[in-house]
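1. Can you look at this prediction? I've put the sequence above it.
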Amino acid sequence: MQIVNTVSELREAVKIWRLAGESVAFVPTMGNLHAGHLQLVSAAKKNADRVVVSIFVNPTQFGVGEDFETYPRTEREDRSKLETVGTDLLFQPAVTDIYAPDAKTTVTVTDLSGLYCGASRPGHFSGVATVVCKLFNIVQPDRALFGLKDFQQLTIIKTMARDLHIPVQITGIDTVREPSGLAMSSRNGYLTNTEKRIAPRLYQVLCAARDAVLAGNKTYADIEQEALQFLQQAGFQTDYFSVCRSSDLKKAAAEDVDLVLLTAVKLGKTRLIDNICFSR
Ligand code: PAF
């Protein structure tokens, strides 16, 4: 696995592959890799000749008082994990390689960025869209892969690529779960032992809400209310629980068929998000 830190080194490596007619898939990450990330790389490997992974803890997507400083940096472990799944190139830039001190340009996907997680984390999705846009311009991949766990993020990135005519095919890959059902996340490491026992309830409540939607005998507002109550009783501080249309994340109406249940909670100091996508 080649490891590069600068934009020019990255471009040089990709240019050589392109001259040989090879296709390139890209998996952007913030490191502290788990089985979910490795699944993205394995899927990328099946769909392209070469796979680039970036590890960049992006400062602009963290708000004041969030965990940018303490976000787990596990470089050595990440590198050996990436070797095992056949990564061709790891791009690990410094903040100054991505953000010039006098940079004036940001990317915001309006409307979508202010909903759900965007309402509780102002500026978060502009930080994500800006860094992903920059990374797409740097790597110029044929295809990029993201986890479906961050469903709102994935919708925003797809919308950005469409609106800005970025020629990349974006694929969402299924969430990888612990045997308990808890969605894998780099932030699960913050959970205490007691919280680890409570955390799987989040997915159980999502499954119960999906079953209630499919049973069709309650309004979506009632299902959301019940889910929020269950979560609070289980010990979570709830942020939102919403029955949405999967195409544009608007609140689902009775006639909508393709749905996603989106939720975010806090357990102690840890923010957890999860979702289920299904059709009725
Ligand atoms: O999902 C993440 O890890 C990050 O938000 C991403 C897409 C790598 C952008 O920093």
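-> Perfect, thanks for sending it. Source: prediction; values computed, not measured. Residues are numbered from 1 along each chain as shown.

2. C-alpha only now, for contacts and for neighbours.
-> Noted.

3. how about low-confidence regions in the stretch 1-150 of the chain?
-> Confidence mapping of the stretch 1-150 of the chain against pLDDT under 70 gives zero matching residues.

4. Now do the strands in it.
-> Using DSSP state E, counting those that start in this stretch, the strands of the stretch 1-150 of the chain run over 2-4, 24-29, 50-55, 89-91, 143-147.

5. can you put those strands in CSV and add distance to residue 153?
-> Converted to CSV, these look like this (distance: least, Cα to Cα, whole Å):
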stretch, distance to residue 153
strand 2-4, 26
strand 24-29, 12
strand 50-55, 17
strand 89-91, 21
strand 143-147, 9
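
6. Figure out which of these is closest to residue 74.
-> With Cα to Cα, the closest approach to residue 74 among these belongs to strand 50-55: 10.2 Å.

7. Contacts only, for the single nearest residue of the chain relative to the ligand.
-> Closest contact between the chain and the ligand, by Cα to the nearest ligand atom, is at residue 29 (3.7 Å). Applying Cα atoms under 8 Å, 6 or more residues apart in numbering, we find residue 29 in contact with 37, 53-57.

8. likewise residue 269?
-> Shown in contact with residue 269 (Cα under 8 Å, 6+ apart): residue 190.

9. Can you report phi and psi for it?
-> phi -100, psi 0 (degrees, to the nearest 10).

10. Return the distance of it relative to residue 173.
-> Distance of residue 269 to residue 173, given as Cα to Cα, to the nearest Å: 27 Å.

11. quick one on the thing from earlier: let me have the contacts of residue 29 in CSV, adding distance to the ligand and neighbour count as columns.
-> Output for those, formatted as CSV (distance: Cα to the nearest ligand atom, whole Å; neighbours: other Cα atoms under 10 Å):
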residue, distance to the ligand, neighbour count
37, 9, 28
53, 10, 26
54, 8, 21
55, 7, 22
56, 7, 19
57, 6, 21
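
12. how about the helices of the stretch 151-280 of the chain, start to end?
-> Taking DSSP state H, counting those that start in this stretch, the helices of the stretch 151-280 of the chain run over residues 151-163, 193-198, 201-215, 220-234.

13. okay, the ones you listed, which one's buried deepest?
-> Ranked by mean neighbour count, these are led by helix 151-163 with a mean of 19 (mean count of other Cα atoms under 10 Å).

14. Who are the packing partners of it?
-> helix 124-139 (3 or more Cα pairs under 8 Å, 6 or more residues apart in numbering; DSSP states H and E).

15. now the angle from the helix it packs on to strand 50-55?
-> 140 degrees (axes from the mean of the first three to the mean of the last three Cα atoms, to 10 degrees).

16. Wondering if helix 124-139 reaches the ligand at all.
-> Yes. Interface with the ligand: helix 124-139 contributes 128, 132 (Cα under 6 Å from any ligand atom).

17. Report all helices and strands that that helix contacts.
-> helix 7-19, strand 24-29, helix 151-163.

18. Can you redo the helices of the stretch 151-280 of the chain as a markdown table, where the extra columns are distance to residue 274?
-> As requested, the helices of the stretch 151-280 of the chain are exported to a markdown table (distance: least, Cα to Cα, whole Å):
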| stretch | distance to residue 274 |
| --- | --- |
| helix 151-163 | 8 |
| helix 193-198 | 14 |
| helix 201-215 | 7 |
| helix 220-234 | 13 |
